[in-house]
Each structure stands twice: as structure tokens, then as C-alpha cells.
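Asks: make a model of this:
(4 chains)
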There are 2 protein chains.
Amino acid sequence: MGRGGIRKGAGRPKGQGKYNEPTKPIRIPESMISDVMKYLSIKGYKLPLYASTVQAGFPSPADDYIEQQLDLNQHLIKHPTATFFVRAAGNSMVGAGIHSGDILIVDRSLNPKSGKIVIAAIDGQLTVKRLSKTSKGLFLKAENDQYQAIKINDASDVVIWGVVTSVIHKV
Amino acid sequence: MGRGGIRKGAGRPKGQGKYNEPTKPIRIPESMISDVMKYLSIKGYKLPLYASTVQAGFPSPADDYIEQQLDLNQHLIKHPTATFFVRAAGNSMVGAGIHSGDILIVDRSLNPKSGKIVIAAIDGQLTVKRLSKTSKGLFLKAENDQYQAIKINDASDVVIWGVVTSVIHKV
DNA sequence: CATTTAGAATAATGTACATTATTCAAAAAA
DNA sequence: TTTTTTGAATAATGTACATTATTCTAAATG
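Replies: From the prediction side, this is the model:
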């Protein structure tokens, strides 16, 4: 027989699902399913950024000192469709913190203003230089005295590819 | 009346969906839906990495010169659950390409071997130094002559937080 | 009275199905 | 014959629903 009757408070308790919040089914292309699962499992690659100057003693990184949660892609790439990477070669820009082998993040949608570090194709050769506009004209300057500044004029075959926003240096 | 009858080849043609491949509904926590959508729209943040030394003239980045497709998170972070970021302060490690204000990527799961750059808490103060094991003992050395090496012994209150794998420098 | 048990209640989750979008071609109209 | 129309065919997509998981308590049991 039924042992029924109303019983308040029964039922599976809320908030014990995998994500501890409501979910919705979203269609994902099959080739991306595993990537998306991974992305979800680490909560969108949002990792803690700690403040550098910390006072107390530390057994382990404590949540109290988290400055913010950071996703490298979102933090470093503002215009995904206009961004690409280039590997730097040579030491002409060490003064700007760019070493040989570093990966440069380049945004093609940014305006190459004077003072910005840009990727330029000079006669078909890619280089990274600082753009400098003076009364004498527009120049591409290395951050290293051993290199000569290159003057840009209509005759010179120079194409600015984009503006360098960050440098990734492996140690 | 019906104008019916069998007609082969009719129907919406395959491969004109948003992703041009079959999809499956996957449950996504509501707070992550927009993130996942964005992630999908740019195909998982995989952006082109170009070779630095290019020969031909370039009207625009050409596919022929793509070295590989890169996702910064996947490229820089091998152990997401063990990785965190710290902002560097001071100039004791400029020799290693670490400038004040840079974001350091730190992997706690890597073994802090001699020669590696590590994040250490010395008496509760976070610092970045190179670990050096010599016949005289274990040291934390700055990459800058103005700073004194710190000897690690049992008495000293030093905790190694993790190994620095990469440096992100904004220009 | 103490213990066990069979639904009742509700959250979490995966997938079947209904809906929408699009193209094709037979039949109707011109 | 040429053009137009309308239902057939099929892909794409969103969501309702069925299923599963979990906890609670009234009733049954001893």
C-alpha cells in the first residue's frame, strides 16, 4: 500500500551537481566537445594571480592574497580575429624586454602610433622595431645602439603588420 | 491536391550549419555559457604563430607561413590545477628577462631543480630567484650583481612555492 | 518504542523529439 | 513551353521530457 502523503523538505538537495549551479544544454560541434569539457573542468582557465608583495608566512598560496582570477587568452588577446603570434629573432630589441626566441603577441587592429613597438615587413623581411615620429620623419628604431634607425618614406617598401602588445619569454 | 511524390536529392544541403559539422547538446553551467560561446566562436583561441624569418613580400599574413596554431593557455600552462600567476616587483632578475610589473607563470607541480627560476617565500616575503646548488650548499641567487645570494639551510624560513615557466611582459 | 522500508519529493542530466531552415522537383498555372 | 507554386526531403537547432540520483518521512514492522 501507499505510505504516501505530503512530506515537505524532501527531495535531492540543491547545489550538489557537478557545477553547483543550473545548467543549460548547448550544442557543441563534435570536434570541440573534449576541448570544451576541459575548458569547463578548469573553469575557463581562470587561474589565480597573486599579489607580489605578501606579508604573512605561507604554507601554501592562500585565497586571501589572490589579486584576481586571470585567463591568459582573455587578458592578453583583446581582438582574437586580428591577433597573431610571431617568434622574435635577434637581439635588436632587448632594451624593450624582447629576447631572441620570445613569442610576440601582435594585434593588427591597433593603430601603429609613434612610440609603439610594431612588426614591420621591410623589403619582405619581418622585423620588430619601435615606431618613432619626429620632425625629421617616421622611423623604425631598434632598442639597441648598435642598430641604425630606418627611415620610412614612400619609396621604402615597408608594411606595418601590427602592434606588439605583449612578449612571452620562456625561462 | 498533393504535388508530392518521391524526389531524391531534395533537402537542406549538409554542411551549412554554424560549425559545418555535427553538433551535440552538452550541458553548460549558466555562468559559463557566454564564455563557452566566445570560446567556440574563435575556435578555442587557437591563433596562428608565424615564423619570424620570412622571405617573400607580404601584403598580409599568408597561411603559407603559419608555423602552427597556438592556444596560449594550452601552450603555457601544462598543469592548470597547479599553476598560478604572480606579478613581479623589483629588478633583481632583469638578467633573466624578468622586469618589474611582469606576470610570472608559476607551476607548483614541477621539481625545483638547480638552475631553475623559482618563487620563494623568504620569511614570508615573496621573491623570484634562481635556485643554485653548489658544493657550498643551496642558494637563491638574483640575476643581478647588486643583490646578495641567499643561503638556504634548515634554520632559514624559506618555502619554495613553485617553478617559473614563463614571463609575460607588456610593452 | 526503535528500526526498517517504500514511496514522495526534488535536483541533475542526457537525449529524443519538435521546430525551423533550406533546397529540390513534381504538378499546376500561364 | 516556361514559370510559379507547393509539398517532400533533409540538415540544423533548441528545448521539453524522461531518466537518474538523492534525500526525506510516513507507515509498516517487530
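Asks: contacting residues for residue A:151?
Replies: Residue A:151 sits next to A:136-139 when contact means Cβ atoms under 8 Å, 6 or more residues apart in numbering or on different chains. All C-beta atoms are positioned from the backbone trio N, CA, C, and that covers glycine.
Asks: Three-state assignment for it, please.
Replies: Here residue A:151 is recorded as strand under DSSP: H, G, I helix; E, B strand; the rest coil.
Asks: who's it bridged to?
Replies: Beta-bridge pairing for residue A:151 (DSSP bridges): residue A:139.
Asks: rewinding a little: just the contacts of residue A:151 now: which is nearest DNA strand C?
Replies: residue A:138 (47.4 Å; Cβ to the nearest atom of the strand).
Asks: any idea how far the closest one is from residue A:26?
Replies: Noted for residue A:138: a distance of 48 Å to residue A:26, by Cβ to Cβ, to the nearest Å.
Asks: state the mean pLDDT of stretch A:68-75.
Replies: Stretch A:68-75 shows a mean pLDDT of 93.
Asks: sorry, wrong one. I was asking about stretch A:148-160.
Replies: 83.
Asks: now do stretch A:111-126
Replies: Averaging pLDDT along stretch A:111-126 yields 89.
Asks: now the phi/psi pair for the spatially most central residue of chain A, please.
Replies: The structure's chain A has its C-alpha centroid closest to residue A:76; by Cα atoms, centre = their mean the separation is 2.2 Å. Main-chain dihedrals, residue A:76, degrees, to the nearest 10: phi -100, psi -20.
Asks: and the helices in chain A, which stretches?
Replies: A:33-41, A:72-76 (DSSP state H).
Asks: just say which of these is most tucked in.
Replies: Mean neighbours per residue, mean count of other Cβ atoms under 10 Å in any protein chain shown, is largest over the helices of chain A for helix A:72-76, with a mean of 20.
Asks: other SSEs contacting that helix?
Replies: helix B:72-76 (3 or more Cβ pairs under 8 Å, 6 or more residues apart in numbering or on different chains; DSSP states H and E).
Asks: restricted to buried residues, select the contacts of residue A:151 in PyMOL.
Replies: One line in PyMOL is enough to select the buried members of those, burial here meaning 16 or more other Cβ atoms under 10 Å in any protein chain shown:
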select buried, chain A and resi 138+139
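Asks: and the closest residue to residue A:129 other than its chain neighbours, what does it touch?
Replies: Once flanking residues are discounted, residue A:129 sits nearest to residue A:140: 3.8 Å by Cβ to Cβ, 6 or more residues apart in numbering or on different chains. Contacts for residue A:140 (Cβ under 8 Å, 6+ apart) come out as A:118, A:120, A:122, A:127, A:129-132, A:149-150, A:152, A:158.
Asks: show me what the least confident helix or strand in chain A by mean pLDDT is in contact with.
Replies: Every helix and strand in chain A was compared by mean pLDDT, DSSP states H and E; the lowest is strand A:66-70, with a mean of 83. Contact partners of strand A:66-70, identified using Cβ under 8 Å, 6+ apart, comprise A:46-51, B:85, B:87, B:103.
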